[in-house]
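In: I'll drop the sequence and a predicted model, then ask my questions.
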Amino acid sequence: MSRDDEKINESSTVEPDGETKEEEPPVHSVVEGSGGFRIGNAKVPPFLIVTYLVLAIWAFGYGMMAVPLNQTAETAADGEAIFEQSCLGCHSITDEPKVGPGLEDVHLKYTEEELQLILVNGIGEMPSLPALGLNTEQIKAVKDYVQTL
């Protein structure tokens, strides 16, 4: 066999009618395993499927259990209840001092703006109400309540 014959045999075949035909490259087939999800030709790893499911369940639960911000502000806008919870340990509603001064007639001592500044920024040893975790609506409710004392 000559070298030309070998080259023909390696990359092509000779048809019975004498013509040479190029061979097509072999086609690789993908055999499906025992199930699983596929994206394109890639199989998605099981740990990713589990991760996606856990995140989806968490997101659904969080969405169902979360309380809207405006709803919490409405329920906590009772100034007297907030005062009793956050302020009554240091202040009394009479003029009798505790750790801090008594707040009876405090609206005569301070203007509304000064009282707002004290509640928002604190004064002396008194912490600011935002530092105690109160939001703007709750601080306004406390200020309104304190002005009635």
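Out: Thanks, I have it. Numbering: from 1, shown residues only.
In: Return the alpha-carbon coordinates of stretch 135-149 using CSV.
Out: Extracted in CSV, the C-alpha atoms of stretch 135-149 (Å, rounded to 0.1, in the frame of the first residue of the first chain):
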residue,chain,number,x,y,z
ASN,A,135,-38.4,55.7,65.9
THR,A,136,-39.6,59.2,64.9
GLU,A,137,-43.3,58.4,65.4
GLN,A,138,-42.6,56.9,68.9
ILE,A,139,-40.5,60.0,69.9
LYS,A,140,-43.3,62.3,68.8
ALA,A,141,-45.8,60.3,70.8
VAL,A,142,-43.6,60.5,73.9
LYS,A,143,-43.2,64.2,73.5
ASP,A,144,-46.9,64.7,73.1
TYR,A,145,-47.5,62.6,76.3
VAL,A,146,-44.8,64.4,78.3
GLN,A,147,-46.4,67.8,77.4
THR,A,148,-49.6,66.7,79.1
LEU,A,149,-48.0,66.1,82.4
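In: tell me which residues in it are buried?
Out: Going by neighbour count (16 or more other C-beta atoms under 10 Å), the buried part of stretch 135-149 is 137-143, 145-146, 149. All C-beta atoms are positioned from the backbone trio N, CA, C, and that covers glycine.
In: from those, which ones fall inside helices?
Out: Counting by DSSP state H, the buried residues of stretch 135-149 place 137-143, 145-146 in helices.
In: Reformat the residues you listed into TSV and put pLDDT next to each item.
Out: Below are those laid out as TSV (pLDDT from 0 to 100):
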residue	pLDDT
E137	86
Q138	87
I139	86
K140	87
A141	87
V142	86
K143	88
Y145	86
V146	85
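In: domain parsing for the protein?
Out: The domain map for the chain lists 38-68, 70-146, with the assignment taken from automatic domain parsing.
In: Per-residue pLDDT of T51, please?
Out: Looking at T51, its pLDDT is 93.
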